[in-house]
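Asks: Test case, fold it:
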Amino acid sequence: MALSTAAPHAPAPPRVVSVVADSAAARAGLVPGDEIVAIDGVVPRDVLEYQRLVDEGDLVVSVRRGGIETDIDIRKRAGEPLGVEVHAALFDQVRTCDNHCEFCFIYQLPPGMRKSLYLKDDDYRLSFLYGNFTTLTRFTESDLERVLTEGLSPLHVSIHSADLAARNDLLRNRRGGPSLRWLRALLDHDVEVHGQIVVCPGVNDGDELDHTLAELLDQYAELSTVCVVPLGISKFNREPRMRPHTRAEAERVIDSSSFWQAAFLEHVGRRVVFAADEYYLLADRPFPAAESYDGFAMHEDGVGMARSFGLEFFGAVDDVIGPRAGFFASVDGAPSAGYRSPRSLVDGSSDVVLRPRRDAPVGVLTGPLGAAVLQPLVASLGRKDVRVIAVANEFFGGNTGVAGLMTGEDVARVLADEPYGHRYLLPDVCLTRGVFLDGLAPAELPRPVEIVATDGRALRAALAPVGTKEYA
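Replies: Below is the predicted model of the structure:
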């Protein structure tokens, strides 16, 4: 994989991929395939700059179509959406990661997967747009100026250790420790920052984790949240120091997180520190109460997912808790990515129409960790016709057990041994733009599946018998 440290390329023109009917862009004649060379003479670097430009009133948009450039006058009110979706969020070069972390899951991917999966970004713009984590090792004074002048908040920062030498070691980058000065600068300027600690057993756990959390309370108490997450190991891991947690180690992480959560609550009035759900599963401990998650701010990072899923499943909340829409939803033209990518593309919809009869027995497909969460929820329904099917992840191996990393190969293997005529529910979190990570499409599976949004409310509706109030 290429880990370029070269200066950013000149911005490539954003390419129009869709135009909203009756929008300002449609009325002016913009069409998919057009390249937007400039807006009022300015070449946008990314969708953030693009948004500011198109948010103005009447525009002159320079367009390249069929190799010919032309200026198009667009009449619109200030603040009126242009009505264009472009092909990418960044038009200049993505700032790639120059760390070489032992725990990086990208280094643990098998060869032959689609190219985009091997891209290691460390770009603060993607942190703002999509919630990607940045280590700040490539952050600069000009980046800080842009964050502050344009209000790019919140940001998400990978911390891992507050000890400078230990952070250098974890990131395998001599700028690892010193780059924490940017975290201090962001907090000094009231930027909302969510932190993450990937805990590697025998490396930054135990006393080292306690030291890091103590330093965060002492030096970075303005952090909004800090999620403590376990190291993910695939069978392709080649780093001798990296291994899965033992149960005792998981218990220690929970105890440390709980201790420092209480300390933060006492001293700054917020809990701040949260251990990922996976630790509670590994330690066979009950999940904390819903109110202790302070609004589930780190839901997408595996913190509080299980508890929020149960609330949704039993109708204890008025709306779905996560995943969150993210800033991109309010940016005119920003494409979705990551957690926010379109999950399934079936007739232009996220709904799958291939269904056996509604009263057929049901198998709910999920990863081994998801199965541990879903089993008691499904059992509470008292229905013998509904079962949870745990899909072991042989594709990645190791301790990979989350539903989001299920591959078509593994789902196909499990379904091949399941009976015909049953309904099989597949969570949409394992799909991106209609395909699994290994490129297989649901239509290629040996049994028809119904793709269901990955939240408790959607699952409850999918399981509801015909004619009941919950039936969807």
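Asks: and the gap between Asp58 and Glu69?
Replies: To Glu69, Asp58 is 20 Å away according to CB to CB, to the nearest Å. Heads up, the C-betas are built off the backbone N, CA and C, glycines and all.
Asks: Same check on Ala78?
Replies: For Ala78, the distance to Glu69 (CB to CB) stands at 26 Å.
Asks: And those two? Which one has more around it.
Replies: Glu69 (12 against 8; other CB atoms under 10 Å).
Asks: these two touch, right, that one and Val61?
Replies: No - using CB atoms under 8 Å, Glu69 is not in contact with Val61, being 10.9 Å away.
Asks: In the stretch 101-250 of the chain, what residue spans correspond to helices?
Replies: 124-130, 141-150, 164-171, 180-188, 206-219, 247-268 (DSSP state H, counting those that start in this stretch).
Asks: Out of those helices, which one sits most buried?
Replies: Among the helices of the stretch 101-250 of the chain, helix 124-130 has the highest mean neighbour count (mean count of other CB atoms under 10 Å), at a mean of 24.
Asks: which helices and strands does it pack with?
Replies: helix 47-54, helix 141-150, strand 155-158 (3 or more CB pairs under 8 Å, 6 or more residues apart in numbering; DSSP states H and E).
Asks: ok, now with 7 Å
Replies: strand 155-158 (3 or more CB pairs under 7 Å, 6 or more residues apart in numbering; DSSP states H and E).
Asks: Pull out the CA atoms of stretch 432-442 and give them to me as CSV.
Replies: C-alpha atoms of stretch 432-442 as CSV (Å, rounded to 0.1, in the frame of the first residue of the first chain):
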residue,chain,number,x,y,z
THR,A,432,-21.4,-1.0,1.4
ARG,A,433,-23.2,0.1,-1.7
GLY,A,434,-24.8,-3.3,-2.0
VAL,A,435,-21.9,-5.6,-1.6
PHE,A,436,-19.9,-7.3,1.2
LEU,A,437,-16.3,-6.5,2.0
ASP,A,438,-15.2,-9.4,-0.2
GLY,A,439,-17.2,-8.1,-3.1
LEU,A,440,-20.0,-10.7,-3.0
ALA,A,441,-23.5,-9.4,-3.5
PRO,A,442,-26.5,-10.7,-1.4
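Asks: Next, the buried residues of it.
Replies: Neighbour counts over stretch 432-442 (16 or more other CB atoms under 10 Å) mark Thr432, Gly434, Val435, Phe436, Leu437, Asp438, Leu440, Pro442 as buried.
Asks: isn't Val47 right next to Asp92, touching?
Replies: No - the criterion here is CB atoms under 7 Å, and Val47 misses it with Asp92 at 11.3 Å.
Asks: quick one, which of those two is more surrounded?
Replies: Neighbour count, other CB under 10 Å: between Val47 and Asp92, Val47 has more, with 24 against 17.
Asks: do you know how far the more buried one is from Glu409?
Replies: From Val47 over to Glu409 (counting by CB to CB), the distance is 34 Å.
Asks: Repeat that for Asp284.
Replies: Taking CB to CB, one finds Asp284 at 30 Å from Glu409.
Asks: Settle it for me: which of these two has more neighbours?
Replies: Using other CB under 10 Å as the criterion, Asp284 and Glu409 rank with Glu409 on top: 15 against 10.
Asks: who's in contact with that one?
Replies: Residues near Glu409 by CB atoms under 7 Å, 6 or more residues apart in numbering: Phe395, Asp438, Leu440.
Asks: for the first one, what are its contacts?
Replies: Okay, so that is Phe395. Applying CB under 7 Å, 6+ apart, we find Phe395 in contact with Thr407, Glu409, Asp410, Asp438.
Asks: how does it look with 10 Å?
Replies: 110, 113, 234-235, 405-411, 413, 436-438 (CB atoms under 10 Å, 6 or more residues apart in numbering).
Asks: same check, this time on Pro178
Replies: Contacts of Pro178 (CB under 10 Å, 6+ apart): Leu136, Thr137, Leu164, Arg167, Asn168.
Asks: Please look at the last one and His100 and confirm they touch.
Replies: When you say that, I think you mean Asn168. No - counting by CB atoms under 10 Å, Asn168 does not reach His100; the two are 11.3 Å apart.
Asks: Can you pull the domain assignment for this structure?
Replies: Using automatic domain parsing, the domain parsing of the chain gives 16-86, 105-331, 342-463.
Asks: Turn those into CSV, columns for distance to Thr96 and mean pLDDT.
Replies: Formatted as CSV, the domains of the chain follow (distance: least, CB to CB, whole Å; pLDDT from 0 to 100):
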stretch, distance to Thr96, mean pLDDT
domain 16-86, 15, 93
domain 105-331, 6, 92
domain 342-463, 20, 89
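Asks: and Arg27, which of the three is it?
Replies: helix (DSSP: H, G, I helix; E, B strand; the rest coil).
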